[in-house]
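# sequence first, then the predicted structure, then my questions.
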Amino acid sequence: MVIVGRIQRYIFRENLMSLLLTLVVIVLAIVLVDVVEQMRTIGSRTQISVWTAFTLTLMKAPRLIMETLPFATLVGSIMTFSQLSRRSEIPAVRAAGVSAWRFLGPAMFLAFLLGVLMITVIDPLATRLNSEFEGTRERLLNPNSARPAGAGSGVWLSQGDLAAGSQTATRGSIAEENPDGQAIISARRVVGRAEALEDVTFYYFAPGPGGAEDREFTHRIDAKRAELRSGFWQLQDVVENRVGGGVDRRASLALPTNLRDDTLLQRFASAETIPFWDLPSFIRDGRNAGMDVDSYVLKFHTLLATPVMMVAMTLIGAVVCLRLARSGGLSRLIGAGALAGFVLFFATQVAGGMSAAGATPPEAAAWCPPLFALFAVLTLLAHAEDG
C-alpha cells in the first residue's frame, strides 16, 4: 500500500506540473493576442497605454481560463502519460501488478477538483471581472459619459402597435398613454441585472393621414429612471415635450405599457452576467414570474457538469497514451487526443444550440455530451484493462 500511495502521489505531481505548464503556455499566448486586440480596437478610438490594454486583458483572464482549462487538462494528461510511457514507468507500474484504475485515480481526482474550482470560484470571479471590463472599456471609449462601471450602451426597445393609436386620454399636461400605442424607447444604460433603465426617452407615434403606415411623431417623454413593473413603467424626474411646444415636468409618472415585467430581464440580463451561486435563486424567481429561464438552466447545469467534462478530458488523454504505449507513434497520440477533445467540444456546442432552439431540454443538453464521453472512455479503459 505504501508503494501504491507513492506512485499515486508521483503521478498526481507529474500531472499537475504538466497541466500548469500547458495552461500557462495557452493563457500567455491568448493574453498576448488579446493585448494586441485591445490596442487595435480601443487604441484606434482613444489613446491607451500598453499597461491599460494589459489591465483590460487581465480582467478577461478568468473567463479565458474557464474556456481553456478543459483543453489544458486534455493536453496535460497526454503530456503526463506519454512521458511516463516513454520513460517505461507505466509498463513498470503495470508489471508490478498495479491496475490502471489505481494509477489513473490521481489524474481523475485532479480533474474533478479543478472542475469544482471552476464552478465555485473561477466562474463568479470571471462574471464580476467581465462586468468591470465592460465598464472600464465604456469609460475609455466615452470619457465624457457619467455612466458608472458596468454600464452598457445604446438600449433600444419598442412597445405597442401603431394601429392602436398613441393615446386615449389626457390628465393635466401629461398624457395617459395607451399601452397598445406605439412607442420607441431609448435608454443610456441598464441598471444592475436589468433592474431599471437610466436616462430614458419614450418617442410616441400616431397614425398619420395615410393610416398606420404613415405614422407621425406626437411627443416624447424623458425620464431619469424607468422601472418596468406589471403593466406600467414607473418613471422618475419626468419631462414631456410635445410637437409645437409645451413642456411639462413631474417628479414621477406611471406610464402604462403592454410589455411584460420580465422583458428587461430577458433582454439584458444574459446568463453570462449571473454567477454560479446566484443562478439557483435566479432560476426559481424567474420561473415563479413566468419567464423563460432555459438559457440560465443551461448555464447552471453546464457548470454542474464541468467536473464530469474535466474527468472525461483527462481520461481521453490517458487512454490514448495507454493504448499507444506499446506501439509508439507520438503524432498518432497527439492527433487522436486532439481529435477526441475537438469532437467533445463540438458536441457540447451543438447540444447548447439545440437547447437554445428549444429542440432539447437544457438539462439534457448540458449533461449528455460529457456523460457520453465519460462512459465511452471508461468502456475503452475497461476493455483495455480487463478485456
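Here it is on my side, so go on.

# okay, now residue 376: neighbour count?
As a burial measure, residue 376 scores 16 neighbours (other CB atoms under 10 Å). (C-beta placed from N, C-alpha, C; glycine too.)

# nope, residue 337 is what I was after
For residue 337, using other CB under 10 Å, the count is 25.

# pretty sure it contacts residue 316?
Yes. Between residue 337 and residue 316 a contact is recorded at 6.2 Å, counting by CB atoms under 8 Å.

# which stretches of the stretch 151-300 of the chain form helices?
263-268, 279-288, 294-304 (DSSP state H, counting those that start in this stretch).

# outline the domain layout of the protein.
2-143+295-386, 155-268 (automatic domain parsing).

# pLDDT-wise, which helix or strand of the chain ranks last?
Lowest by mean pLDDT, DSSP states H and E among the helices and strands of the chain is strand 167-171, with a mean of 40.

# against which helices or strands is the longest strand along the chain packed?
In the chain, taking DSSP state E as the definition, the longest strand is strand 211-229. Here strand 211-229 touches strand 196-208, strand 232-242, strand 247-256, going by 3 or more CB pairs under 8 Å, 6 or more residues apart in numbering; DSSP states H and E.

# paired strands for the longest one, with orientation please.
When pairing is defined by DSSP bridges, strand 196-208 lines up against strand 183-191 (antiparallel), strand 211-229 (antiparallel).

# quick one, which of those strands gets closest to residue 295.
With CB to CB, the closest approach to residue 295 among the strands paired with strand 196-208 belongs to strand 183-191: 16.9 Å.

# next, the angle strand 232-242 makes with the closest one.
120 degrees (axes from the mean of the first three to the mean of the last three CA atoms, to 10 degrees).

# strand 183-191 vs strand 247-256, what angle?
Using the same axes, to 10 degrees: strand 183-191 against strand 247-256 is 80 degrees.

# so what's the closest residue to residue 221 other than its chain neighbours bridging to?
Among residues not flanking residue 221 along the chain, residue 202 sits closest, at 4.3 Å (CB to CB, 6 or more residues apart in numbering). Here residue 202 sits in beta bridges with residue 185, residue 221, as judged by DSSP bridges.

# please identify the buried residues of the longest helix anywhere in the chain?
Longest helix of the chain, by residue count under DSSP state H: helix 2-41. For helix 2-41, burial by neighbour count (16 or more other CB atoms under 10 Å) applies to 4, 7-8, 11-12, 14-16, 18-19, 22-23, 26-27, 30-31, 34-35, 38-39.

# helix, strand or coil for the nearest residue to residue 71 once chain neighbours are set aside?
The shortest distance from residue 71 to any non-neighbouring residue, by CB to CB, 6+ apart, is to residue 341 (6.1 Å). Assigned with DSSP: H, G, I helix; E, B strand; the rest coil, residue 341 falls in the helix class.
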